[in-house]
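A.B. asks: My questions concern the predicted model and sequence given below.
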Amino acid sequence: MELPTQAIVLHATKYGETSVILHAYTQQAGLRAYVVKGVRSAKRKKTFSMGMFQPLTQLELVATTPKGAGLSVLKSAKITYPYTTISSEITKSSICMFLAEVLRSVLKEEEENASLYHFLAHALIWLDTHDKIANVHIHILIQLTKYLGFYPDVSNISQPYFDVQNGQFCQYANSNECVSGDEVSLLKTYLGTKFDALDTILASTEQRRALLMLLMQYYQRHAQSFRMPKSLDVLYEVFN
């Protein structure tokens, strides 16, 4: 039996007739996959419920790992932070769906990264406990790049262009991957803002959408095998 680990659910996929494979980001071991037996069974008494495995739910997990090759088998799970608003507010649940899809693309390491885990856990609790959340997904995407190794170089942040390829601000457009305009000005604002001051960032839906597209291009350029999230259109619809 393994020691308990804190985990954030990324997604669950069907496995056999009654089980699922749970993919989660754990505090102690990074990316992990678990077989959850019988969770889709019609039997009344089950150890787990599918409701526990909604994207970005925070859990404490205990599993066993076979001596030979094979996935760990989940033995127990309990919710460590019951969300009070995320599941009932469509805007927040859509943000979680989008962020979960991004995280599935960019989290690859099967090793401990406690600082990244704590950042994600804190960000989700912030989302759950605040009302003015129009800026939070953009802020999380930007801050996440610190842990992924491609946070923008702000040493020349006063310059008008942002070089997507090199992740830095520059005076001139040196390539077709250099952009300028409202989305770059807005990016600079986010780079200097913390969670508790996000509601001070004033931007229109169109401006946020343009910046979000810039960030998606930035992720595509720097995060290996990054896929454009299918839930992006849902997010646009909700914020419109």
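C.D. replies: Cool, the structure landed.

A.B. asks: Secondary structure element holding the spatially closest residue to residue 120 that is not a sequence neighbour?
C.D. replies: By the measure of Cβ to Cβ, 6 or more residues apart in numbering, the closest residue to residue 120 outside its immediate chain neighbours is residue 8, 5.7 Å from it. Just so you know, the C-beta spots here come from the backbone N, C-alpha and C atoms, and that holds for glycine as well. Per DSSP states H and E: residue 8 is located in strand 5-15.

A.B. asks: Show me what the next helix or strand after that strand is packed up against.
C.D. replies: Using DSSP H and E, the next helix or strand after strand 5-15 towards the C-terminus is strand 19-26. Under the contact criterion of 3 or more Cβ pairs under 8 Å, 6 or more residues apart in numbering; DSSP states H and E, strand 19-26 touches strand 5-15, strand 30-36, strand 58-64, helix 114-129.

A.B. asks: And the following helix or strand past the last one, how far out from the chain middle?
C.D. replies: When you say that, I think you mean helix 114-129. Scanning forward in sequence from helix 114-129 by DSSP H and E, the next helix or strand is helix 136-148. On the basis of Cα atoms, centre = their mean, to the nearest Å, helix 136-148 sits 8 Å off its chain's mean C-alpha point.

A.B. asks: For helix 136-148, name the packing helices and strands.
C.D. replies: Helix 136-148 packs on helix 90-106, helix 114-129, helix 182-191, helix 205-222, going by 3+ Cβ pairs under 8 Å, 6+ apart.

A.B. asks: how is this protein carved up into domains?
C.D. replies: Taking automatic domain parsing as the reference, the chain has its domains at 5-79, 90-239.

A.B. asks: In the chain, which residue is most central in space?
C.D. replies: residue 99 (3.6 Å; Cα atoms, centre = their mean).

A.B. asks: Show the pLDDT at that residue.
C.D. replies: Residue 99 carries a pLDDT value of 98.

A.B. asks: shouldn't it be in contact with residue 137?
C.D. replies: Yes. Using Cβ atoms under 8 Å, residue 99 is in contact with residue 137, at 6.3 Å.

A.B. asks: Pull the residues that contact stretch 191-199.
C.D. replies: With Cβ atoms under 8 Å, 6 or more residues apart in numbering as the test, stretch 191-199 has contacts from 122-123, 126, 132-133, 135-136, 139, 142, 152, 154, 157, 200-201.

A.B. asks: out of those, who's nearest residue 91?
C.D. replies: Using Cβ to Cβ, residue 133 is the member of the contacts of stretch 191-199 that lies nearest residue 91, at 6.7 Å.
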